[in-house]
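Undergrad: when you get a sec, could you give me coordinates for this:
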Amino acid sequence: MVDTASAPLENLNQMVSALAGAVTYVQGTFRAHAGVYDTPVADVPTSALAGGLKLRGRTPRKELFNAVKGTYVDPEKSWQPTDFPPVTNATYQAQDNDEPIFKDVELPFTTHPERAQRIAKVLLE
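TA: Presented below is the predicted three-dimensional model:
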């Protein structure tokens, strides 16, 4: 169900969460993209850049995670948000001194726990 009281972009972002996707805005148009690998088709030479490069050497700690947990909407529980089993990766957790670092996601347009876990796996990888 889409809440018409919410901003259209917020509704669109919630919808693409069911695709493990993202929304982009290019030349006045919003586009939804499914979360799949897209093979690069060209290289961008540095001569095509409009300005200098900014490199971020390391992802900030608050953006790091090695496991994903969250909620989906369960039709068997009157469409209420329900926790899905978390998705973890022992290798990633071992690299973080065996400390689980969870990313919490809400999947309001996902109605099965297995689908929610697949989306979580895509986000984790």
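
Undergrad: am I right that residue 120 is in a strand?
TA: No. Counting by DSSP: H, G, I helix; E, B strand; the rest coil, residue 120 is not part of a strand but helix.

Undergrad: show the pLDDT at the residue lying farthest from the centre of the chain.
TA: Largest separation from the mean C-alpha position in the chain: residue 47, at 32.1 Å (C-alpha atoms, centre = their mean). At residue 47, the model reports a pLDDT of 85.

Undergrad: please apply the same query to the one 4 residues further on.
TA: Model confidence at residue 51, given as pLDDT, is 82.

Undergrad: ok so, going back, list the contacts for the residue farthest from the centre of the chain?
TA: Listed by C-beta atoms under 8 Å, 6 or more residues apart in numbering, the contact set of residue 47 is empty. All C-beta spots, glycine's among them, are computed from the backbone N, C-alpha and C.

Undergrad: and it, how far from residue 53?
TA: Distance, residue 47 to residue 53, using C-beta to C-beta, to the nearest Å: 13 Å.

Undergrad: thinking again about what came up before, can I assume the residue farthest from the centre of the chain sits in a strand?
TA: No. When three-state DSSP is applied, residue 47 is found to be helix, with no strand at that position.

Undergrad: okay, now residue 26: neighbour count?
TA: Residues contacting residue 26 under the criterion other C-beta atoms under 10 Å number 7.
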